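Participant: Sequence below, structure please.
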Amino acid sequence: MFGLSKLFSSKSVQKQPIITALAAYRSAVFAVGVDEKFINDVELGKDRSLLISLTLPFAAQSEMPAVAAFVSERLNQVVTITACVALPPQCKFKKIKHILLIASGKGGVGKSTTAVNIAGALKAEGAKVGILDADIYGPSIPMLLGLVGAEPSSKDDKQLMPFDANGIKAQSIGFLVPSDDATVWRGPMASGAVNQLLNETAWGELDYLIVDMPPGTGDIQLTMSQKVPASGTVIVTTPQDLALADAQKGIAMFNKVNVPVLGLIENMSHFLCSHCGEPNHVFGKDGAIKLAQRHGVPVLSHIPLAINIREYSEQGKLIALDNQTTVSKIYADTARLIASMLYYQQPHHDSVEIVITDD
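Facilitator: Model (predicted):
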């Protein structure tokens, strides 16, 4: 899939300096540089600029301007880089290549909002994305995606069709149960419902299926973690001690069922003062960092307590898709990092250390 099909179509383009420059690029995403096998084509433009086309094995299209700037400086030549995303063909489930669980030790930390925006950011990075709302007792995905009142459909009376929200395929128990009704189910029944939603939805081909897990570490969460063939999980927490104590339980649970914990997302990390612009750590400071160090996992991002996240969510919109906002960049950085970690942890690739830095 990633062969050099048309590499260096112009005979006047020298191969090795370009490969060397791309390999030297480093970021949290490209921890080992841009691999030569990612290169699809290199052409020399009429103005003597280089036009490089890449095929990426993980979602990271918005990294390309930084890669182009780096290569331009190294080669002392104007470089433009474009990229498409095509993950390796191995699938975790049916035609789904990765299943990512977004979890939390407790409710109220913004897990569902984080899940939909990570899904949106992965879509913006060039991937085919779906989201499954597994929070049986409090499904939030229909509201967050602007799909309240949407009614499910089926083409063959066997599989449900997923809903489409900004190009993201979505499924939720909230589409099947009235929003004002209480779901009073015991654990096995709730787990069975999620299993049905996963198995009986016509997802089609997906690069990433995001699963918005129920909060907590009880029987439902444990059963789902064992049954869903997940590539990894991300734990969402807030900085205060109570949330961190529950997040620690979440890490322990996933370790017991051998689901890789990719890292923590510290939501509501700080509030930016509208007057002075300084961060105000209203819920505490460095809590996620200390917890991450204790368990040997990274903090993937610090998402601020921002009023526009609430405003977008209440309107059924994804702030991650609005690249004019500061928060959207944070979600984009987080999505690229998660996607690259899922790629580099696979058996086909040597293990690498991905260093998370605070910009």
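Participant: for the closest residue to I118 other than its chain neighbours, what are its contacts?
Facilitator: Take I118 and drop its neighbours on the chain: the residue closest to it by CB to CB, 6 or more residues apart in numbering is A335, 5.6 Å away. Where you see a C-beta, it was placed from the backbone N, CA and C, and this is true even at glycine. Taking CB atoms under 8 Å, 6 or more residues apart in numbering as the criterion, A335 is in contact with A59, I118, A121, L122, A124, E125, A320.
Participant: what's near enough to touch V327?
Facilitator: V327 is in contact with I303, P304, A306, N308, I309, I319, A320, counting by CB under 8 Å, 6+ apart.
Participant: Quick check: the farthest pair among these?
Facilitator: In terms of CB to CB, the contacts of V327 reach their longest pairwise distance at P304 and A320, which sit 13.8 Å apart.
Participant: Looking at these two, which one has more neighbours?
Facilitator: A320 (29 against 19; other CB atoms under 10 Å).
Participant: F254 touches M224, doesn't it?
Facilitator: No. Using CB atoms under 8 Å as the test, F254 is too far from M224 to be in contact (11.1 Å).
Participant: quick one: low-confidence parts of the stretch 151-300 of the chain?
Facilitator: By pLDDT under 70, the weakly predicted segments of the stretch 151-300 of the chain are 178-190, 277.
Participant: Do a quick rundown of the helices in it.
Facilitator: 187-199, 219-227, 241-256, 287-295 (DSSP state H, counting those that start in this stretch).
Participant: now those in JSON lines, with mean neighbour count and distance to E151?
Facilitator: What follows is the helices of the stretch 151-300 of the chain, written out as JSON lines (neighbours: other CB atoms under 10 Å; distance: least, CB to CB, whole Å):
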{"stretch": "helix 187-199", "mean neighbour count": "17", "distance to E151": "15"}
{"stretch": "helix 219-227", "mean neighbour count": "19", "distance to E151": "26"}
{"stretch": "helix 241-256", "mean neighbour count": "18", "distance to E151": "34"}
{"stretch": "helix 287-295", "mean neighbour count": "18", "distance to E151": "39"}
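Participant: H98: which of those is closest?
Facilitator: Per CB to CB, nearest to H98 of the helices of the stretch 151-300 of the chain: helix 187-199, 13.9 Å.
Participant: quick one on the thing from earlier: let's test this: mean pLDDT of the helix or strand the residue nearest to I118 falls within, rounded?
Facilitator: Using DSSP states H and E, A335 sits within helix 326-344. Per-residue pLDDT values across helix 326-344 average out to 96.
Participant: in it, what's buried?
Facilitator: Of the residues in helix 326-344, those buried under the neighbour-count criterion (16 or more other CB atoms under 10 Å) are 327-328, 330-344.
Participant: Disregarding residues adjacent in the polypeptide, which is nearest to T334?
Facilitator: Taking CB to CB, 6+ apart as the measure, T334 lies nearest to S301, with 4.2 Å between them; neighbours along the chain are not counted.
Participant: So K285 sits against T238, correct?
Facilitator: No. Shown here, K285 and T238 do not form a contact pair, counting by CB under 8 Å, at 11.6 Å.
Participant: So for those two, which sits in the more crowded spot?
Facilitator: A direct count of neighbours by other CB under 10 Å for K285 and T238 places T238 higher, at 26 against 15.
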